[in-house]
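In: model this:
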Amino acid sequence: SGLNGAGGGVSLCTGSQTYQVTDNFICGNFAQGGGGGIGHLGLSGGGVIARNGILFNESFQQGLTVNGGGILISGGAPLGGPGSLSPGAGAVMIDANLIQGNAAGAGDGGGIRTTRVNGQDVSRRRNNPDRWYAVDILNNMIVNNVAALAGGGISLQDSARVNIINNTIANNDSTGTAGE
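Out: Numbering: from 1, shown residues only. Coordinates of the predicted model:
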């Protein structure tokens, strides 16, 4: 399990450039931070999460909103004062996974949660969206996941360039029971 971090099963933190998490069975993990199964936290470009079974993982902490039962993709917190932006998460591809039975027990995104994917990259290249960090969610089965707040299957926040293509997203639930 994970405590106050990201990723109960697999934790990928800032600087994990061009990582590949492929052909694994990630099952029954728990995190008190985000990403019960897999947590990508911080700026790490070129990541690939492909052909995995991501099953029955949970993120939960009573009293706090923690997100991403199956997978969390999150940029780091803004480092400056008020009004500053996140450095972003970097580009990530989530392809051909079975994401099933995961729970965001106190937050958003039972299957997948993205947050702070974009920030400084958009500010630096306002007129060039092709150079913004992107998350590609392709060819996945996202089924039977649950979120206590919103987005039983997928939840997106501060993610300006996300492509959700050719997925099966079915029988996910949002209970609307989280404290937030």
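
In: Across the sheet, point out what pairs with the most centrally placed residue in the chain.
Out: For the chain, residue 72 is the residue whose C-alpha lies nearest the centre (C-alpha atoms, centre = their mean; 2.2 Å). Counting by DSSP bridges, residue 72 forms beta bridges with residue 39, residue 113.

In: Surely it touches residue 42?
Out: No. Counting by C-beta atoms under 8 Å, residue 72 stays clear of residue 42, with 11.4 Å between them. C-beta here means a position set from N, CA and C on the backbone, and glycine is covered the same way.

In: Tell me, how many residues neighbour residue 12?
Out: Neighbourhood size, residue 12 [other C-beta atoms under 10 Å]: 22.

In: Could you verify that it is part of a strand?
Out: Yes. Assessed by DSSP: H, G, I helix; E, B strand; the rest coil, residue 12 belongs to a strand.

In: Please name the residues that touch the residue nearest to it when sequence neighbours are not counted.
Out: Spatially, and ignoring its direct neighbours in sequence, residue 12 is nearest to residue 40 (4.6 Å; C-beta to C-beta, 6 or more residues apart in numbering). By C-beta atoms under 8 Å, 6 or more residues apart in numbering, residue 40 lies in contact with 6-7, 12, 16, 47, 71-74, 89, 92.

In: what pLDDT does the residue sitting furthest away from the middle of the chain get?
Out: Largest separation from the mean C-alpha position in the chain: residue 127, at 26.2 Å (C-alpha atoms, centre = their mean). We have a pLDDT of 95 for residue 127.

In: what kind of secondary structure is it in?
Out: Recorded secondary structure, residue 127: coil (three-state DSSP).

In: Span of stretch 24-33 from start to end?
Out: Chord length of stretch 24-33, first to last residue, is 22 Å (C-alpha to C-alpha, to the nearest Å).

In: between the contacts of residue 40, which is closest to residue 101?
Out: Proximity of the contacts of residue 40 to residue 101 (C-beta to C-beta) peaks at residue 71, which lies at 13.2 Å.

In: Can you report how many residues neighbour the closest one?
Out: Neighbours of residue 71 under the rule other C-beta under 10 Å: 35.

In: where along this structure do the helices fall?
Out: Remark: helices assigned in the chain by DSSP state H are 120-124.

In: Can you list the low-confidence ranges for this structure?
Out: 1-4, 179-180 (pLDDT under 70).

In: isn't residue 46 right up against residue 16?
Out: No. Here residue 46 lies out of contact with residue 16, judged by C-beta under 8 Å, at a distance of 9.4 Å.

In: These two: which is more packed in?
Out: residue 16 (18 against 13).

In: roughly how far apart are the more buried one and residue 89?
Out: To residue 89, residue 16 is 11 Å away according to C-beta to C-beta, to the nearest Å.
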